[in-house]
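**Q** sequence? don't have it. structure:
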């Protein structure tokens, strides 16, 4: 039984860290700020696909943090159910510091790489020049 307010102390909360988590960002460690590098391109490696290989390819393709911050991007609304799914996936990678922004960016990059020619053909079919 508690004897008073002194027995219950509030935990120390890093509010900035929480705000970064909610926005999909995480601060870079101090040692990485001075040595910021350009994002590395990840290209899928061609090899026979076993179940464990597919898992590794997925992690190498989508669960990498290429960009330090999503604050330069645009706001896009997605379904709540998708947001929850994506957030749960990203939370599993906290040791790797993958942000929600980076995960969604990786998904879109892969989509445009895979379907880029189809998208261009569709666009050209629908929007023919006037002259």
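**A** Looks like it came in fine. Note that this is a predicted model, so its numbers are computed, not measured.
**Q** Spit out the contact partners of residue 119.
**A** residue 112 (C-beta atoms under 8 Å, 6 or more residues apart in numbering). C-betas here are computed from N, CA, C, even on glycine.
**Q** Model confidence score at it, please.
**A** Per-residue pLDDT puts residue 119 at 89.
**Q** Could you do residue 126 as well?
**A** Confidence for residue 126, expressed as pLDDT, is 84.
**Q** And residue 103, how far from residue 130?
**A** Look at residue 103 and residue 130: by C-beta to C-beta, to the nearest Å, they are 40 Å apart.
**Q** These two: who's more crowded?
**A** residue 103 (20 against 4; other C-beta atoms under 10 Å).
**Q** Report the spatially closest residue to the more buried one, excluding sequence-adjacent ones.
**A** Ranked by C-beta to C-beta, 6 or more residues apart in numbering and with sequence neighbours excluded, the top spatial neighbour of residue 103 is residue 90, at 5.2 Å.
**Q** Identify the residues contacting the one you found.
**A** 98, 99, 100, 103.
**Q** go again using 6 Å as the cut-off
**A** 98, 100, 103 (C-beta atoms under 6 Å, 6 or more residues apart in numbering).
**Q** Which of these sits closest to residue 117?
**A** Taking C-beta to C-beta as the measure, residue 103 is the one of these closest to residue 117, at 24.7 Å.
**Q** The closest one: which element?
**A** Element membership for residue 103 (DSSP states H and E) is helix 100-126.
**Q** all helices of the protein, in order?
**A** In the chain, the segments counted as helices under DSSP state H are 15-23, 30-33, 51-62, 80-91, 100-126.
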